[in-house]
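S.K.: What would the 3D arrangement of this be:
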Amino acid sequence: MKKHFILIALLLISLVSSLSLAQNRAKQPKQPTSGPGSSSLTHTTTTKNHYGSGATEYFLYEPADPKPTSAPVIVFVHGFGAINPITYGAWIDHLVRRGNIVIYPRYQLDSRTPPKEFTPNAISSIKDAINRLQNENGHVLPDLGKFAIVGHSAGGIVTANLAAEALFEGLPSPRAVMSVAPGKSMAPTFPLGIPLANLGQIPRDTLLLTLAGDVDNVVGDADAKRIFQESTQVLSTNKNFIIVQSDNHGQPLIADHGAPSAIDKQYDSGEKFNGQAQEQQANNSHNQMNNNNSNNLKKSTINVNGLDFYGYWKLFDGLCDAAFFGTNRDYALGNTELQRYMGQWSDGVAVKQLIVTTAQ
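M.R.: Predicted coordinates:
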């Protein structure tokens, strides 16, 4: 009996010590107050609209308060099944309040939509959205000389395809393109493979980033490398392949496949994929992908964190600034310190930097 009480006491001491250690772990870096990825935003609200139906449905977000006369256009291409913008709502909100129009094409009706239709469906939605912006009263006019595309997962493949086919499909030529954790391109062992276009058609002056997470066990880095390597016409100084690193020094930053997502319920459209609510789907998908890290779900996948501020958001903000205005290029390209920098933990220790590959 005495041994039993001793064992219980030791377990309680161990539990208290673990809780204390967790509470005292260094906190994640806060969002910067200026520059790319920062909380410095030009507009206080967004205008949200929803058009079309089925696989060519799309959501349109415009900056407001104050409402600009015109604005750059960003196409945001979601991952497989993420038809509800809630999954990336915080990132979309950041982009729009920074002064951009965002088009969010659905591109698939449900899981049965053939992958070969993803890119054509997205093209149809984008064309309709641009036509609406140009000709329907009440919208912010699109500045098509400032056009960019960003996409995650399956959307990362579609993003590369859109960049390659824009000229031939009558779309504006994208000045900035970022493919985040793209996957998977056509492969005999993967029935849901998405055909990858001839990336040699992407124009030489396009600014291009491809990103992979260091613990992405869903798609790995093969397609991110492939897009980087096969975009042969893009100037070597205009593109980088980047690995986002996880860091467990403090409250964990996990660069898994779900890391670029950031739930914002203000962007919940009520859309469901195969009858399942998007937020629950995000939770379920992450648990399936990363059972060993399920306790970190709220830290790595759903909530906005340092990987967003200093990684995904910073890089794309800087890429667009460089492409549209000739500013902040060092935040996005060239293997610079500003590009690699990922902030500091609350105890002053630097977060693991991005690993940047430049073209030879």
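
S.K.: Doesn't residue 35 lie inside a strand?
M.R.: No - the assignment for residue 35 by DSSP: H, G, I helix; E, B strand; the rest coil gives coil, which leaves it out of any strand.

S.K.: do you know how far it is from residue 98?
M.R.: Noted for residue 35: a distance of 11 Å to residue 98, by Cβ to Cβ, to the nearest Å. For every residue, glycine as well, the C-beta is placed using N, CA and C.

S.K.: The two: which has the busier surroundings?
M.R.: Relative neighbour count places residue 98 above the other of residue 35 and residue 98, with 23 against 15, counting by other Cβ atoms under 10 Å.

S.K.: Does the more buried one touch residue 44 like I think?
M.R.: No - the pair residue 98 and residue 44 does not pass the contact test of Cβ atoms under 8 Å, sitting 11.8 Å apart.

S.K.: which SS state does residue 157 fall under?
M.R.: Following three-state DSSP, we place residue 157 in the helix state.

S.K.: What is the neighbour count of it?
M.R.: Residues near residue 157, counting by other Cβ under 10 Å, number 30.

S.K.: which residue sits closest to it, ignoring its sequence neighbours?
M.R.: residue 194 (4.4 Å; Cβ to Cβ, 6 or more residues apart in numbering).

S.K.: What are the phi and psi values at the one you found?
M.R.: Note on residue 194: its backbone torsions stand at phi -100, psi 120 [degrees, to the nearest 10].

S.K.: Spatially central residue in the protein, please.
M.R.: Central residue of the chain (Cα atoms, centre = their mean): residue 260, 4.5 Å from the mean position.

S.K.: circling back to that earlier point, so what's the residue nearest to residue 157 up against?
M.R.: 115-116, 118-119, 154, 157-158, 161, 184-186 (Cβ atoms under 8 Å, 6 or more residues apart in numbering).

S.K.: Tell me the bridge partners for it.
M.R.: On the basis of DSSP bridges, residue 194 is bridged to residue 185.

S.K.: any idea how far it is from residue 163?
M.R.: 14 Å.

S.K.: Dump stretch 319-339 to CSV, restricted to CA.
M.R.: Output of stretch 319-339 as CSV, limited to C-alpha atoms (Å, rounded to 0.1, in the frame of the first residue of the first chain):
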residue,chain,number,x,y,z
LEU,A,319,6.7,38.7,-53.6
CYS,A,320,3.7,40.8,-54.6
ASP,A,321,5.3,44.0,-53.4
ALA,A,322,8.4,43.3,-55.6
ALA,A,323,6.3,42.3,-58.6
PHE,A,324,3.7,45.2,-58.3
PHE,A,325,5.7,48.1,-56.8
GLY,A,326,9.4,47.2,-57.0
THR,A,327,9.7,47.1,-53.2
ASN,A,328,10.4,44.5,-50.5
ARG,A,329,12.1,42.1,-52.8
ASP,A,330,14.6,41.1,-50.1
TYR,A,331,11.8,39.7,-48.0
ALA,A,332,10.9,37.2,-50.8
LEU,A,333,13.8,36.4,-53.0
GLY,A,334,17.5,35.9,-53.2
ASN,A,335,18.4,33.9,-50.1
THR,A,336,18.7,37.1,-48.0
GLU,A,337,18.7,37.4,-44.2
LEU,A,338,15.3,39.2,-44.4
GLN,A,339,13.9,36.3,-46.5
